[in-house]
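Asks: pasting the sequence and the predicted coordinates here, then a few questions.
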Amino acid sequence: MLVYSGEEGYVREIDGEEDVAELFHSLKNMEDLEPGFELLTKKGTLAERPDVDRLAPLTHDDFQQFVDDDGRVLDVEPLKQRIFKGGIHPNLRRELWCFLLGHYSWNATYIQREEKRRERENLYFTMKQQWKTITEDQESRFSGFKERRSLIEKDVNRTDRNHPFFEGEHNPNVTLLHDVLMTYVMYNFDLGYVQGMSDLLAPILYVTQNEATAFWCFVGYMDIVYRNFDIDQYGMKQQLKDVHQIVHLVDPELMSYLEVRDSANFYFCFRWLLVRFKRELNYTNTLRLWEVLWTSHPCPNFHLLVAVALLDTEKNTIMENKFGFTEILKHINDISLRIDLDATLKKAEAIYLQIASSPNVPDSVRTVLGLPVQEPSTSHPKTRKVK
């Protein structure tokens, strides 16, 4: 299991559930994550959870309805909504991922996109040349660079090696994975490389099948998830806190159960959030989920609702078997590669719509889900000045 070591400053693997449980108990309580943590002790009346449908993937013909003769994408938000509801056909994925991850501008023409592609390709290989020309003598006095290189070399040799795109000895795609990550170190040395990043890059390289394009799309993805790799774990702790608050609102029964079982900090969701469910899904479903999340529809934190939806699905198994933290963690790991993605996406969207249409939703939850914060009611009537 991937866990983040704040003291050591990197993500590392822990194999045994007992080891993870010990680490879990060493963490601070969720209430200590930041000042002002809001415990939702009273459940407001929630609206009924609606039924929602998914659509077929966006095809080339569908996409052309959103593009003008010069290649500019029109009506971007309706297009994103369409992608959210159905994903993207594999034949169109390479092009549209470049838009979703910021490599291409939505309003750029075909000509402008080609110019930008060439410009960014040249910049990529300039940065690549920087690290490739560092001599062994230089590296001996550049400990930060040496440590990052060593960690990358270790990780790329165990990232997705069972997938046909990366399997086998001396696979050139593994070399590309290494080179893109090393170049990202030069692009963003402050963040550098943290274990788990190779998991985020590999599917992008597989889809784009182009070194420079994969790099710039990876840059866009890291701009979204970089807080996952905070050395003080703040970004991950904040997301776990947010999941806590959503579950407390939509399922107080499950919340009470987890509190009694000393599992209310949701640390068993850590891997889900860190690499956006990549280790829980097969490759095809990982690609489908990620492009849905990149639309930021219906809210930028939809991945948190995916986590809540999965917990809702597993609730009966957890509670009927009286699982404690260690058993919950093992069960969560055991459902890997057995998740029904379409059902999960439907449920996650339904939970969002349920919350969005409910009164008295706490502002903390509304903020997490990008919903308008409720205006405070006036508690005192206006008074008339007596002459």
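Replies: Cool, the structure landed.
Asks: can you pull out the low-pLDDT segments for the stretch 101-250 of the chain?
Replies: Within the stretch 101-250 of the chain, no stretch falls below the threshold (pLDDT under 70).
Asks: do a quick rundown of the helices in it.
Replies: Assigned by DSSP state H, counting those that start in this stretch, the helices in the stretch 101-250 of the chain fall at 110-132, 136-139, 143-156, 172-187, 197-208, 211-225, 234-250.
Asks: the ones you listed: which one's closest to Val52?
Replies: helix 234-250 (15.3 Å; Cβ to Cβ). C-beta: built from backbone N, CA, C; applies to glycine.
Asks: mind listing what's buried in the closest one?
Replies: For helix 234-250, the neighbour count (16 or more other Cβ atoms under 10 Å) marks 235-237, 239-250 as buried.
Asks: only C-alpha atoms, please: export that helix in PDB.
Replies: C-alpha atoms of helix 234-250 as PDB (Å, rounded to 0.1, in the frame of the first residue of the first chain):
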ATOM      1  CA  TYR A 234      -1.400  18.800   4.400                       C
ATOM      2  CA  GLY A 235      -3.000  18.300   1.000                       C
ATOM      3  CA  MET A 236      -3.800  14.600   1.700                       C
ATOM      4  CA  LYS A 237      -5.000  15.300   5.300                       C
ATOM      5  CA  GLN A 238      -7.300  18.100   4.000                       C
ATOM      6  CA  GLN A 239      -8.800  15.700   1.500                       C
ATOM      7  CA  LEU A 240      -9.400  13.000   4.100                       C
ATOM      8  CA  LYS A 241     -11.000  15.700   6.300                       C
ATOM      9  CA  ASP A 242     -13.300  16.600   3.400                       C
ATOM     10  CA  VAL A 243     -14.300  13.000   2.900                       C
ATOM     11  CA  HIS A 244     -15.000  12.800   6.600                       C
ATOM     12  CA  GLN A 245     -17.400  15.800   6.500                       C
ATOM     13  CA  ILE A 246     -19.200  14.600   3.400                       C
ATOM     14  CA  VAL A 247     -19.800  11.100   4.900                       C
ATOM     15  CA  HIS A 248     -20.900  12.700   8.200                       C
ATOM     16  CA  LEU A 249     -23.600  14.600   6.300                       C
ATOM     17  CA  VAL A 250     -24.900  11.900   3.900                       C
END
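Asks: for it, packing partners?
Replies: On a contact count with 3 or more Cβ pairs under 8 Å, 6 or more residues apart in numbering; DSSP states H and E, helix 234-250 meets helix 252-260, helix 270-274, helix 302-320, helix 341-356, helix 363-368.
Asks: at 6 Å what do you get?
Replies: helix 302-320, helix 363-368 (3 or more Cβ pairs under 6 Å, 6 or more residues apart in numbering; DSSP states H and E).
Asks: elements contacting the longest one?
Replies: Right, the one you point to is helix 302-320. Looks like helix 302-320 contacts helix 234-250, helix 341-356 (3+ Cβ pairs under 6 Å, 6+ apart).
Asks: for these, which one sits closest to Pro203?
Replies: That would be helix 341-356 among the helices and strands packed on helix 302-320, by Cβ to Cβ, at 14.5 Å.
Asks: how far away from the center of its chain is the closest one?
Replies: 17 Å (Cα atoms, centre = their mean, to the nearest Å).
Asks: can you point out the buried residues in that helix?
Replies: For helix 341-356, by 16+ other Cβ under 10 Å, it's 341, 344-356.
Asks: sorry, back to before: which of the helices of the stretch 101-250 of the chain is buried the deepest?
Replies: helix 197-208 (a mean of 23; mean count of other Cβ atoms under 10 Å).
Asks: by how many degrees do that helix and helix 143-156 diverge?
Replies: Orientation check (axes from the mean of the first three to the mean of the last three Cα atoms, to 10 degrees): helix 197-208 against helix 143-156 gives 60 degrees.
Asks: mind checking how far helix 197-208 is from the chain centre?
Replies: The answer for helix 197-208 is 13 Å, by Cα atoms, centre = their mean.
Asks: check what contacts it and list those residues.
Replies: Here helix 197-208 makes contact (Cβ atoms under 6 Å, 6 or more residues apart in numbering) with 93-94, 97, 155-156, 159-160, 165, 177, 214, 217-218, 221, 275, 278, 286-287.
Asks: and if you look at stretch 180-187?
Replies: 127-128, 130-131, 148, 152, 192-193, 214-215.
Asks: could the residues you listed be laid out in TSV, adding distance to Ile231?
Replies: Converted to TSV, those look like this (distance: Cβ to Cβ, whole Å):
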residue	distance to Ile231
Met127	23
Lys128	26
Gln130	24
Trp131	22
Arg148	14
Ile152	18
Gly192	10
Tyr193	13
Ala214	26
Phe215	24
